[in-house]
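# any chance you can model this:
(chains A and B)
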Number of protein chains: 2
Amino acid sequence: MSDAGNVRPEQVSRISTWDYEADVVVVGYGVAGVSAAIEAARGGADVLVLERTGGWGGAAALSGGFIYLGGGTALQQALGFEDSPENMEKYMTAALGPGIDVAKVHDYCQGSVEHFDWLVAQGVPFKEEFWGEPGWEPPADQGLMYSGGENAAPYNTIATPAPRGHLPQMADKHTGEKGGGYMLMKPLTDTAESLGVRAEYDMRLQRLIVDASGKVAGVVAKRYGKQVHVRARRGVVLATGSFAYNQEMIEEYTPLLVNRPAAAIEEHDGIGIRVAQALGARVAHMDAIEVAIFADPQLMVRGILVNGRGQRYIPEDSYPSHIGQATLSRQHNEAFLIIDESALEQAQGTVSSSAAMRAQPPTWVAETVEELEAEIGFPAGVLQATVEVYNRHAANGADPVLGKKPEWVRPIETPLAAYDLRNHTGGFTLGGLKTDLDSRVLHVSGDPVPGLFAAGRCTSGVCAGGYASGASLGDGSFYGRRAGRAAAGS
Amino acid sequence: MSDAGNVRPEQVSRISTWDYEADVVVVGYGVAGVSAAIEAARGGADVLVLERTGGWGGAAALSGGFIYLGGGTALQQALGFEDSPENMEKYMTAALGPGIDVAKVHDYCQGSVEHFDWLVAQGVPFKEEFWGEPGWEPPADQGLMYSGGENAAPYNTIATPAPRGHLPQMADKHTGEKGGGYMLMKPLTDTAESLGVRAEYDMRLQRLIVDASGKVAGVVAKRYGKQVHVRARRGVVLATGSFAYNQEMIEEYTPLLVNRPAAAIEEHDGIGIRVAQALGARVAHMDAIEVAIFADPQLMVRGILVNGRGQRYIPEDSYPSHIGQATLSRQHNEAFLIIDESALEQAQGTVSSSAAMRAQPPTWVAETVEELEAEIGFPAGVLQATVEVYNRHAANGADPVLGKKPEWVRPIETPLAAYDLRNHTGGFTLGGLKTDLDSRVLHVSGDPVPGLFAAGRCTSGVCAGGYASGASLGDGSFYGRRAGRAAAGS
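Down below sits the predicted model:
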């Protein structure tokens, strides 16, 4: 087995000495872990965080920092965007399924405004500036952006579009060392420290420890090859991240992601999921994935995307991760961007966080669509028909086939070019432990596993299949807090 | 919880009296269960089968009876079809993934010829007649058929096409009471009985029983509301079927199948998976599904299938379940069959096992493609472009876009019609317990759960995502035998 290692629970009766003790033991010092630690400490618990790397941060600190929030947050209001919990829920229900955890999404939307205020209260800075260009991230320290295609078809017909990607203000955009993710994690870990939360580093989770009644009573960890026993008097919170880097789990649950992990860290080996499964914990949506497409939205939006048969399949002004998901999951990971010369030139003048693609020449250039079609290797007529139908409606500024917004609809002219975007995707896993609204890990019997809590990407959160940027830091921090509170109170 | 019920294991020490005892206890009397029972008995074990309904059969007895076998079976040879284990493996690898269990598929292909001979030796009858028309099943008692699109694109370019759907000869096609599935199960249960296998009916599995070492030592069942304890001296074989009828599991693992179970029985409630998960058993490919499209292949093959955007997406001569999967999983469950009047007339004269559709008039009829397009409600030009490109190549008898075989390629003429095939799919689940080649249930730690074996649709078998008709009875009987042998020897 590539990930061999016994994850069967240890019995308390077999532990002779405890190396560490705390009321609440949090495993993993990313956004879910720190949020749990803060709230557990505020709940009166003595808290110890175990982190397997040499420092706090996890995937969160390395990320862009998007937190998916809405329903009328102070930042949304300050920037003039209307939103409500109900409107947010409509979008999330449509975009993040099928199969979303209805209760969890409702709960998350209802609590979103308060959660934003909480983040601000912990010292997370948000700049009151909106970024409205197509792209993965803002180019600088803007605080709010559309991050889930809320303003693209079909979601703009289902709920009133509102930007919900909230970004902590970066301290140093250029070095990247103090990007949005860092600026989220720094104040949170400072807060935790000020509350007396202890942290031990280089501690790798091995197994859980259970008492005679079956309650989780601690963890076995490994530090520099030596076993360490940590007692949790009230509960253990798992916040260990996804399984994007566990090759075996990827093969068995999300084979589409084999050899293409992205936006994840190598520590995401699924250990938190496995130790809980060994106790009979339930998992959900293990096939769900976030998928990025490595391409420049400023280019995509100005052309048309076609699949391996030369057909359009998604509005090109969609949230790029929806393009990635549609491409990998439904189009055999094959995409081609068709774009004409004038659109290419126009894009050159725009700002993008992923402009590297433009520095590359297109894969093919041609004087006519027929010629381009032959160069790419499409059967005769396929791409011509696609462009013809697109242009027919584009002449009227409309895209009745896929609903791309009129501002981006313009006939494809000649000369034109194509970028080969086959195998240009990557992503991370969204499935994991099934938890309730108090972040209690549920047993396959339906009731909670006593003493065990979890949050973040080792759980199945608000996303069942779809994704919006910020959903991971969002539900990780939101249900991390719940986990901390519940563990402290148990 | 909709499926509330404690599935946590019971300790042997708490059982005061055993209601039944056997060396090997098999749970579920479908094809996996009976195959396990036979081989366990031949391995010298005293065998008891627990079945929750009032009689043997399971989903197998109600099915058409397809068993997916190849590599050069006696039946393939008698009917003049060449095949080899390597060729079969090429097809299965391409068609049943991504993410197939490579070792299992290889093993299954290598053992396939022997397994066919074994079925014959148990008395399962196969008529030496091939059925080559498009369809789900043969119209009568023919014994061999293409059942996985082996002769359709893209698989016909990857491996040499060979029919592998082996069908037990029906005794009474008309009443349906002695169909292919019955004729598979009857000789197998007769064999089991002749070997001294005992069976107890109306026994619903509740939980497993484990001894102090963690070995599975029996099961708790319920009979007419009363708890029954069954001791298994050597091992327990789970053969309880899929989770197609467990609403909660469907929502959490395969939301695309919500409210559309098909080709499954209500007893398929996932209990075997859950009792094993409670012991820390590993699961795999929980999102994988078989999908049927409720439409007549004889009609589909003579027209073109388009998605909700009016685009073709699959060769219409594909195995119908591949059409179903592509439609549900990749086309938002939207399909329309476009067919012209002369093709409709031609189809009327053919034989089909699903001809009910023809008795219905098409949803729309029109004099021109443009008119049909408007009637369906497609944006102007979309369907016209699709038909134009199709006809352009069909004039030369080719389909370079999707690779439909020349024999079915003919230009779409006028007048023409369309059938609305939206929401015309249903299916069952393919994911389940991860087992090794000896059908031992694997723990999330990687090693087997002592004393626990499983086969059939409560396991993740040879299918990871794709499907071929007969794969379920195929791997169910194949790995059922392995489970029986391994349990008897443990």
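# which regions of chain A lie under the pLDDT threshold?
Chain A contains residues with pLDDT under 70 at A:1-4, A:172-177, A:353, A:355.
# how about the contacts made by the residue in the stretch 1-150 of chain A positioned nearest to chain B?
Of all residues in the stretch 1-150 of chain A, A:Gly99 sits closest to chain B, at 2.7 Å by CB to the nearest CB. C-betas here are computed from N, CA, C, even on glycine. Residues near A:Gly99 by CB atoms under 8 Å, 6 or more residues apart in numbering or on different chains: A:His285, A:Ala464, A:Gly465, B:Glu251, B:Glu252, B:Pro255, B:Val258.
# quick one: the second one and B:Asn307, what's the gap?
Right, the one you point to is A:Ala464. 23 Å (CB to CB, to the nearest Å).
# higher neighbour count, these two?
Taking other CB atoms under 10 Å in any protein chain shown, A:Ala464 and B:Asn307 do not tie; A:Ala464 has more neighbours (25 against 22).
# once you drop chain neighbours, what's closest to the more buried one?
Of all residues not flanking A:Ala464 in the chain, A:Gly99 sits nearest, at 4.0 Å (CB to CB, 6 or more residues apart in numbering or on different chains).
# enumerate every residue touching A:Ala262.
For A:Ala262, counting by CB under 8 Å, 6+ apart, the contacting residues are A:Ala292, A:Gly426, A:Gly427, A:Phe428.
# ok so, going back, could you dump the contacts of A:Gly99 to a markdown table with secondary structure and distance to B:Pro85?
Shown next, in a markdown table, are the contacts of A:Gly99 (DSSP: H, G, I helix; E, B strand; the rest coil; distance: CB to CB, whole Å):
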| residue | secondary structure | distance to B:Pro85 |
| --- | --- | --- |
| A:His285 | coil | 36 |
| A:Ala464 | coil | 39 |
| A:Gly465 | coil | 37 |
| B:Glu251 | helix | 39 |
| B:Glu252 | helix | 37 |
| B:Pro255 | helix | 36 |
| B:Val258 | coil | 38 |
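# can you lay out those as JSON lines showing distance to B:Phe126?
Listed next are the contacts of A:Gly99 as JSON lines, based on distance: CB to CB, whole Å:
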{"residue": "A:His285", "distance to B:Phe126": "41"}
{"residue": "A:Ala464", "distance to B:Phe126": "44"}
{"residue": "A:Gly465", "distance to B:Phe126": "42"}
{"residue": "B:Glu251", "distance to B:Phe126": "40"}
{"residue": "B:Glu252", "distance to B:Phe126": "40"}
{"residue": "B:Pro255", "distance to B:Phe126": "39"}
{"residue": "B:Val258", "distance to B:Phe126": "37"}
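# kindly indicate which of these lies nearest B:Ile158.
A:Gly465 (28.8 Å; CB to CB).
# quick one: the residue nearest to A:Ala464 and A:Ala32, what's the gap?
For A:Gly99, the distance to A:Ala32 - CB to CB - is 22 Å.
# and the closest residue to A:Leu79 other than its chain neighbours, what are its bridge partners?
Take A:Leu79 and drop its neighbours on the chain: the residue closest to it by CB to CB, 6+ apart is A:Phe130, 4.8 Å away. Beta-bridge partners recorded for A:Phe130 (DSSP bridges): A:Leu144.
# how many neighbours does A:Phe130 have?
18.
# which residues touch it?
A:Leu79, A:Phe81, A:Gln142, A:Gly143, A:Leu144, A:Met145, A:Pro163.
# who wins for neighbours among those?
Of those, with other CB under 10 Å as the count, A:Leu144 tops at 26 neighbours.
# now do the contacts for that one.
A:Leu75, A:Gln76, A:Leu79, A:Phe81, A:Phe126, A:Glu129, A:Phe130, A:Trp131, A:Pro163, A:Gly165, A:His166, A:Leu167.
# which one among the residues you listed gets closest to B:Asp438?
A:Gly165 (50.1 Å).
# how about that closest one: what's its closest non-neighbour residue?
A:Ser147 is the one closest to A:Gly165 (CB to CB, 6+ apart), at 2.7 Å.
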